[in-house]
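Novice: Quick one, what's the 3D model for this:
(2 chains)
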Amino acid sequence: MEAVKKYGEQELVLMLKQRQQPAFSYLYDNYSAALQAVIMNIVTDYDRAADVLQEVFVKIWKQIETYDDTKGRLFTWMLNIARNASIDTVRSKAWQNSKQNNELTEQNFTAAGTVQTNVDQIGLRKIVYQLKEEHKLLVELSYFKGYTQDEISKMLDIPLGTVKTRLRTALTQLRQIIK
Amino acid sequence: MDIKAYIESGVIESYVLGMAEAQEAAELQELSRQYPEIKQAIDAFEASLEQTAFANAMAPPSAVKQNLMASLKDDFIQEKPVLPAKQPVYTKHTTEMAPVKSLSWMMYVAAASIILFVVSAALNVYLYKKYDHTNNRYLALLKENTTITADNKVYQTRMLDIYNSMEVMGSPDMIKVALPGINGKENDLATVFWDSKTKDVYVLANNLPKPNDDKQYQLWALVDGKPVDAGMLDDCNGLCKLKNIPRAQAFAITLEKKGGSPVPDLTQLHVMGKVV
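Specialist: The predicted structure follows:
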């Protein structure tokens, strides 16, 4: 689904930096559904994901000055804000507490080192699901759970170098799939 | 430097997905400026990532946008520098429309309240009138019902009296004495029923003119040529039970003053008949 663009990306960013309301409205209309799905990959609950989405758009609005188009696309920048906000949410105390009442919908990392996967996965997570088990786990932990490679190395008792290599391989395969 | 191997190493994905370490990221940024192939690979992965995200888009609840627009409304600039001519019209429109809108809203509410009040008042009047009418009819019916009940009791009493009269008249011991009207009062008629065993006397006023309020009919028994008071005729239903007369040859009725007289006023003799 290619969104019909009214503004070019550079024009939109310029208008956003000028604090123009129509630009923000357009930004939301154009990207909210894509970002909602991205957040859903990590937060899983629709209503909670919507709360995170709202938070994410406030962040985008407040931090638009820091966006540098030489470093990447606007969507990539927003995607990373959404991912970080989602990981912060699932790692928060409030989330951890509510999760205990919500075990079945939460995708849990098990002690055996396998990832319990949800059948109705969407987006990037669905693609990750197509990876080999060892790769899937690494991407799951690093991308969706936000653990550093060092943390993953300790958690899984795998040397840091192996984690790095496997993760790189996993990500290369990921690119092949979504290409 | 083997650019191809670098591109294939996964560092680009790691960078784009925000998973690269600061040092790696800085290195990649530097290299991408030098090598267009790296820049191209980054762009390509970003584009496909964005495409994937759009392909899997899921609309959030509409409340999110409303909340955002409301919470950020003070952050938005009031004037659009790109279109300076149009913007004042826009702000004028919104700032002036708002109070008019809210005023007309209140006026609608006020008008609705007044209409509601008038309708309610009219309804009250209408319902009161209806209530009044119904209440009057109810009272009339209640009165009519009382009258009918009273009448019914009167008729029941009269029926019982007449039934009792028929019982008396039908008795085989009863001697019937017809008292026809005397000369000049031929239309008058009364009947005496005289029980031959108990000697009780009953009178049926078949046809006697209604007396004045101060007058009353009196029955006389003629015993050996002398009139003996046999009692006063009251306004009884059917038979009037009068006195006990052991012996008589004839009966007569005169109109006397109310309460009766010791001696009959023969000028006021109405009916007379002999015992057969």
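Novice: Report pLDDT for residue A:64.
Specialist: Here the pLDDT value assigned to residue A:64 is 92.
Novice: buried residues in stretch B:206-226?
Specialist: Of all the residues in stretch B:206-226, those buried under the rule 16 or more other Cβ atoms under 10 Å in any protein chain shown are B:208, B:216-222. Every C-beta, even on glycine, is put in place using the N, C-alpha and C of the backbone.
Novice: Revised request: answer the last question for stretch A:58-66.
Specialist: With burial defined by 16+ other Cβ under 10 Å, the residues of stretch A:58-66 counted as buried are A:58, A:60-61, A:64.
Novice: What of stretch A:124-137?
Specialist: Result for stretch A:124-137 [16+ other Cβ under 10 Å]: buried residues A:124-128, A:131, A:135-137.
Novice: could you show me where the helices are in the chain, in order?
Specialist: Because you didn't say which chain, this covers chain A. A:9-17, A:21-43, A:46-63, A:74-91, A:93-99, A:123-128, A:133-139, A:149-156, A:160-178 (DSSP state H).
Novice: let's do chain B instead
Specialist: B:3-8, B:11-16, B:22-34, B:36-55, B:62-71, B:86-170.
Novice: ok, and what's touching the fourth one?
Specialist: Helix B:36-55 is contacted by residues A:1-3, A:33-35, A:37-38, A:72-73, A:75-76, A:79, A:123-124, A:127, A:175, A:178-179, B:3-4, B:6-7, B:12-13, B:15-17, B:28, B:31-33 when judged by Cβ atoms under 8 Å, 6 or more residues apart in numbering or on different chains.
Novice: How far away from the center of its chain is it?
Specialist: 78 Å (Cα atoms, centre = their mean, to the nearest Å).
Novice: With the fifth one instead?
Specialist: Helix B:62-71 has its C-alpha centroid displaced from the chain centroid by 52 Å (Cα atoms, centre = their mean).
Novice: just the first one next, same as before
Specialist: Relative to its chain's centre, helix B:3-8 lies at 92 Å (Cα atoms, centre = their mean).
Novice: packing partners for it?
Specialist: helix B:36-55 (3 or more Cβ pairs under 8 Å, 6 or more residues apart in numbering or on different chains; DSSP states H and E).
Novice: Please repeat the previous calculation with a cut-off of 10 Å.
Specialist: In terms of contacts (3 or more Cβ pairs under 10 Å, 6 or more residues apart in numbering or on different chains; DSSP states H and E), helix B:3-8 is packed against helix A:160-178, helix B:22-34, helix B:36-55.
Novice: Of all those, which one is nearest residue B:129?
Specialist: helix B:36-55 (71.3 Å; Cβ to Cβ).
Novice: buried set for that closest one?
Specialist: Per 16+ other Cβ under 10 Å, helix B:36-55 contains these buried residues: B:38-39, B:41-43, B:45-46, B:48-54.
Novice: Make CSV from these and add pLDDT to it.
Specialist: Putting those into CSV (pLDDT from 0 to 100) gives the following:
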residue, pLDDT
B:38, 91
B:39, 90
B:41, 90
B:42, 91
B:43, 91
B:45, 90
B:46, 91
B:48, 89
B:49, 88
B:50, 90
B:51, 89
B:52, 87
B:53, 88
B:54, 89
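Novice: Deepest-packed of the helices of chain B, please.
Specialist: Among these, ranked by average contacts under mean count of other Cβ atoms under 10 Å in any protein chain shown, first place goes to helix B:11-16 (a mean of 24).
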